[in-house]
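Novice: heads up, no residue letters with this:
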C-alpha cells in the first residue's frame, strides 16, 4: 500500500483473536454530512462557485476528486482538493456524529474477541482524526481507498465481512472474498443494495449485533 493508504493501528488497540470485521466510515460509522456540507460551503464562498450541498451529501462515497469535478474545471480540481483537506480537520471533524448503532456495532465485534478495521475512501489523516474524535475503539484504520480497491486492505487484515452503505462497499467485499453487509443509511436504499448484490442488507447498524451473532457462529 502507498503511504496514503497504509494501515494504522490506533494506540491502545489490543491484539485480538476472533472475527475480523471491516467497516466503511462515512454514513456507516460516522454521520459526516453536516461537516462535509460545511467544507463545501466554505469552498463555494471562497471560489464564488455555487455548489448544491444537498446534491453533494446525497452521493457521498466516491473519492473527493470525483465530486469536485462536478463543480470545478479539471485543472482546478487538485487545488480545490488540497484546500478541502486543509479545511476539513477544523471544520468537518467537530461537526461529525456517530451513526445510530455504530458504537454498539464496534463493541459487538470486540465482545466476541474480534477485531474492527475501518477502511474508508476518506484520506488517511482525516479518517484517523474522525475515528479518534468519535471515540470508536477500532483496531486499525486504512484511508484513501474506494470500491474494489478496498479489497487489498480487507484481505491484509483477514476481514470476513465488510459493512458499508454504498454499492462501492459491495465491490470492496467482493474483492476481498468477504461477506458484503449493506446498511441503508447512505445514498442507496435497501432495495438498491439488494439489487446490486449485497449478501446481507440491514436497515442500519442497530440491527448489526443480532446479525453478527449469527455470522460468528456459522
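Specialist: Here it is on my side, so go on. Everything quoted here is computed from the prediction, not taken from an experiment. Numbers count the residues shown, from 1 in each chain.

Novice: what ranges does the protein have for its strands?
Specialist: Using DSSP state E, the strands found in the chain span residues 20-23, 30-31, 97-98, 115-119, 140-142, 161-164, 179-183, 200-202.

Novice: select, out of these, the one closest to residue 212.
Specialist: Shortest distance between residue 212 and the strands of the chain, using CB to CB, is found for strand 20-23: 7.4 Å. (C-beta placed from N, C-alpha, C; glycine too.)

Novice: got the contact list for the closest one?
Specialist: Defining contact as CB atoms under 8 Å, 6 or more residues apart in numbering, one finds that strand 20-23 is touched by 29, 105-106, 109, 114-119, 138, 150, 153-154, 157-164, 172, 176, 178, 212.

Novice: residue ranges with poor pLDDT in the chain?
Specialist: Within the chain, the ranges that satisfy pLDDT under 70 run 1-17, 218.

Novice: nearest the geometric middle of it, what residue?
Specialist: By CA atoms, centre = their mean, the mean C-alpha position of the chain lies nearest to residue 25, the distance being 2.3 Å.

Novice: can you pull the contacts of that one?
Specialist: Contact partners of residue 25, counting by CB under 8 Å, 6+ apart, are 32, 118, 120, 121, 122, 127, 130, 131.

Novice: now do the residue sitting furthest away from the middle of the chain against residue 126, distance only.
Specialist: The C-alpha centroid of the chain is most remote from residue 48, which lies 29.6 Å away (CA atoms, centre = their mean). As judged by CB to CB, to the nearest Å, residue 48 and residue 126 stand 25 Å apart.

Novice: same question, residue 188
Specialist: Taking CB to CB, one finds residue 188 at 23 Å from residue 126.

Novice: could you do residue 138 as well?
Specialist: Taking CB to CB, one finds residue 138 at 15 Å from residue 126.

Novice: likewise for residue 44?
Specialist: 20 Å.

Novice: and for residue 96?
Specialist: For residue 96 relative to residue 126 (CB to CB), the value is 10 Å.

Novice: on that earlier part again, pull out the buried residues from the contacts of strand 20-23.
Specialist: In those, burial by neighbour count holds for 29, 105-106, 109, 114-119, 138, 150, 153-154, 157, 159-164, 172, 176, 178, 212, counting by 16 or more other CB atoms under 10 Å.

Novice: okay, now the domains of this protein?
Specialist: 3-31+97-216, 33-95 (automatic domain parsing).

Novice: just those domains: most buried one?
Specialist: domain 3-31+97-216 (a mean of 20; mean count of other CB atoms under 10 Å).

Novice: run the chain-centre distance for that one.
Specialist: 7 Å (CA atoms, centre = their mean, to the nearest Å).

Novice: residue contacts, residue 50?
Specialist: residue 44.

Novice: pop out the phi and psi values for it.
Specialist: phi -70, psi 130 (degrees, to the nearest 10).

Novice: could you pull out the helices for this structure?
Specialist: For the chain, applying DSSP state H gives helices covering 33-47, 53-57, 64-68, 77-91, 102-111, 124-134, 150-156, 167-175, 190-196, 208-216.
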